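# Just a sequence and a predicted model for now, questions to come.
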Amino acid sequence: MFLGTLWLALMCYTPFSWGQTNGEVLTGDQAVYRDGKVNTPLTDEIHLGALFHTQGIGVTMRRGFYRNAFSVRSFGADLSFFRHPKEIKTSNPVYENGRPYIYGKQNTLQVLRLWFGGHSLKTEKLRKDAVRFSTAWKAGFSIGLMKPVYLEIGYPDIPYDYVATERYNPQEHYSDNIYGQAPWSNGLDELSLTPGVHASYALEFEYGNERFIPKSLTAGVAADAFLTAPEIFADRFEQNNRLFVTLFATIEFGRNWTR
């Protein structure tokens, strides 16, 4: 009886568990992931993903370095397209073939963020199909890329004799002579820059079943502040702001490894 009691106690406190395949003995972590490499500490990661926010969409990437099992330091970049909250598409009421345009919009705004940040693990995955929870922060520079809007302008008056592609000028172009939006590629050689800063805070949920191929969903709040207000709309139409505060979510796929 004494030996039976001792054996039972050892089975309760031993760090090993019996595997269900080929009678092998697995650690607790190995029983969860079954990759035989769980005890190897991670050192590096890279993530790519899609960015969705309350004023547009974009893409994101980050490169991370594990400080320990619970902390990651990373740097990365986001490229995001921003819409002004007052943007409303309209079209030429006479010429239905004209592409919809936004009356009064002078420039499109794309924001390139270059940032440094970190992740702090709060809850580890206790089984393979569980979710790991972390908090994340970013801080860095924002570069506003302003691209002028080009429109197709009809001449002389309705009915037009011909249509010309011109950079939008609020002093010359009105709803009665705008045929429609010109292709987006017009104006790429006339980009102007507006410098600023960026900061964000988010919650990350990592749900990948493979330890070395993580998948994550992140949701948070971000702020971009510029030295001068990006001139999205002509001044006579809408007010342009220096500060953009947005709610955002990202869907990311990545790769972890050990050097």
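Received the coordinates, thanks.
# List the residue ranges of the stretch 1-150 of the chain that fall below the pLDDT cut-off.
1-40, 125-129 (pLDDT under 70).
# The residue lying closest to G117 once chain neighbours are set aside: which element?
Among residues not flanking G117 along the chain, K138 sits closest, at 3.8 Å (Cβ to Cβ, 6 or more residues apart in numbering). (Each C-beta comes from the backbone N, C-alpha and C, glycine too.) Counting by DSSP states H and E, the element that carries K138 is strand 132-148.
# Now do the strands in the stretch 51-200 of the chain.
56-68, 71-82, 89-90, 101-102, 107-123, 132-148, 150-155, 162-167, 178-181, 192-206 (DSSP state E, counting those that start in this stretch).
# Tell me the helix or strand right after the last one.
Heading C-terminal from strand 192-206, the first helix or strand you meet, by DSSP H and E, is strand 215-226.
# so what secondary structure elements neighbour that next one?
With contacts defined as 3 or more Cβ pairs under 8 Å, 6 or more residues apart in numbering; DSSP states H and E, the packing partners of strand 215-226 are strand 44-53, strand 132-148, strand 192-206, strand 243-257.
# if you set the cut-off to 10 Å instead, what comes out?
strand 44-53, strand 71-82, strand 107-123, strand 132-148, strand 192-206, strand 243-257 (3 or more Cβ pairs under 10 Å, 6 or more residues apart in numbering; DSSP states H and E).
# Dump those to JSON lines, plus distance to I158 and mean neighbour count.
As requested, these are exported to JSON lines (distance: least, Cβ to Cβ, whole Å; neighbours: other Cβ atoms under 10 Å):
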{"stretch": "strand 44-53", "distance to I158": "39", "mean neighbour count": "17"}
{"stretch": "strand 71-82", "distance to I158": "33", "mean neighbour count": "18"}
{"stretch": "strand 107-123", "distance to I158": "27", "mean neighbour count": "18"}
{"stretch": "strand 132-148", "distance to I158": "25", "mean neighbour count": "18"}
{"stretch": "strand 192-206", "distance to I158": "33", "mean neighbour count": "17"}
{"stretch": "strand 243-257", "distance to I158": "38", "mean neighbour count": "16"}
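# F226: which of the ones you listed is closest?
Counting by Cβ to Cβ, F226 lies closest to strand 192-206 out of the helices and strands packed on strand 215-226; the figure is 3.6 Å.
# how far away is the closest residue to T123 other than its chain neighbours from D224?
Excluding its sequence neighbours, the residue lying closest to T123 (Cβ to Cβ, 6+ apart) is F133, at 4.1 Å. Distance, F133 to D224, using Cβ to Cβ, to the nearest Å: 26 Å.
# Likewise for I178?
According to Cβ to Cβ, I178 and D224 sit 30 Å apart.
# More neighbours: which of these two?
D224 (26 against 22; other Cβ atoms under 10 Å).
# which strand residues sit across from the more buried one in the sheet?
H198, F244 (DSSP bridges).
# need the contact list for it.
55, 78, 80, 82, 109, 111, 113, 141-144, 196-200, 230, 242-246 (Cβ atoms under 10 Å, 6 or more residues apart in numbering).
# likewise S134?
70-72, 118-124, 202-206, 216, 218.
# got the phi/psi numbers for G104?
The phi/psi pair for G104 (degrees, to the nearest 10) reads phi 90, psi -10.
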